[in-house]
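Engineer: need a structure here:
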Amino acid sequence: MKEMVRIALLLIMTCFMLPGCKKEDKPVYSGIMTINNKRVGVSPTYYIEGFHVPTGKKLPDLNNQIDIISVLSGYDVNFNPLKIFFITNNFKNSFYKYGEYSDTQSAVNAFNNLTSFTEPQWAEIGDSVMINQIWLYRTSDSRYSKLRIISTILEKRPDMQDPYAECTFEWVFQPDGSKTFPVR
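Structural biologist: Numbering: from 1, shown residues only. Down below sits the predicted model:
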């Protein structure tokens, strides 16, 4: 009988302890992300998904949230695609094109060697985003991320009035407010 009580107590204690052992998500400070300008949602609340820099997640760009990078297409009066650009809802200029490289390996090397930077002249949008570029991004609370553009798509699609824009990038976020990126 004592053995059954002991087993029952052990089972009860285990049941109470297991829910308390949730593993907390570790912060994500680097990775690869793809975002595009395809509208999702239902009328009248259409939105696009952007990259929320501080969390490293793709989120709906709704209600003027800050620190979300979205990608849009530039086009002429006939909706012919011209360029891709980044936007954000921060209340300050947040983009700087750090460099443009002739090939992937040069861009990868420059990205990996970019460990710190001095304060640049920030722009409101990331204009003319292309493969093998490196961009710096400043969050609303002055933390920083670097982005290496891996691929882009800019094309007319029958189901969209404005041209489809897509951007895949490697990113590293610096969470501490310095201008030094963490070493991976």
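Engineer: So for the helix or strand hosting Cys167, mean pLDDT?
Structural biologist: Assigned by DSSP states H and E, Cys167 belongs to strand 164-174. Across strand 164-174, the average pLDDT comes to 97.
Engineer: repeat for stretch 138-153
Structural biologist: For stretch 138-153, the mean confidence score works out to 97.
Engineer: got it, and stretch 89-97?
Structural biologist: 94.
Engineer: try stretch 102-116
Structural biologist: So the average pLDDT for stretch 102-116 ends up being 97.
Engineer: Can you give the contact residues for that stretch?
Structural biologist: Stretch 102-116 has contacts (CB atoms under 8 Å, 6 or more residues apart in numbering) with 98-99, 101, 131-134, 146, 148-149, 170, 178-181, 183. (Each C-beta comes from the backbone N, C-alpha and C, glycine too.)
Engineer: Buried only: go through those for me.
Structural biologist: Buried by 16 or more other CB atoms under 10 Å: Tyr98, Tyr101, Ile131, Asn132, Gln133, Ile134, Lys146, Arg148, Ile149, Glu170, Lys179, Phe181, out of the contacts of stretch 102-116.
Engineer: got these as CSV, with distance to Glu155 columns?
Structural biologist: As requested, the buried ones among the contacts of stretch 102-116 are arranged in CSV below (distance: CB to CB, whole Å):
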residue, distance to Glu155
Tyr98, 27
Tyr101, 23
Ile131, 15
Asn132, 19
Gln133, 19
Ile134, 24
Lys146, 27
Arg148, 22
Ile149, 17
Glu170, 23
Lys179, 36
Phe181, 33
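Engineer: For those, name the two members farthest from one another.
Structural biologist: Across the buried ones among the contacts of stretch 102-116, the longest distance by CB to CB is 25.6 Å; it joins Ile131 and Lys179.
Engineer: What about the contacts of stretch 102-116, which are in strands?
Structural biologist: Tyr98, Gly99, Gln133, Ile134, Lys146, Arg148, Ile149, Glu170 (DSSP state E).
Engineer: Next up, the contacts around the fourth one.
Structural biologist: Think Ile134. Ile134 neighbours (CB under 8 Å, 6+ apart): 97-101, 107, 110-111, 114, 146-149.
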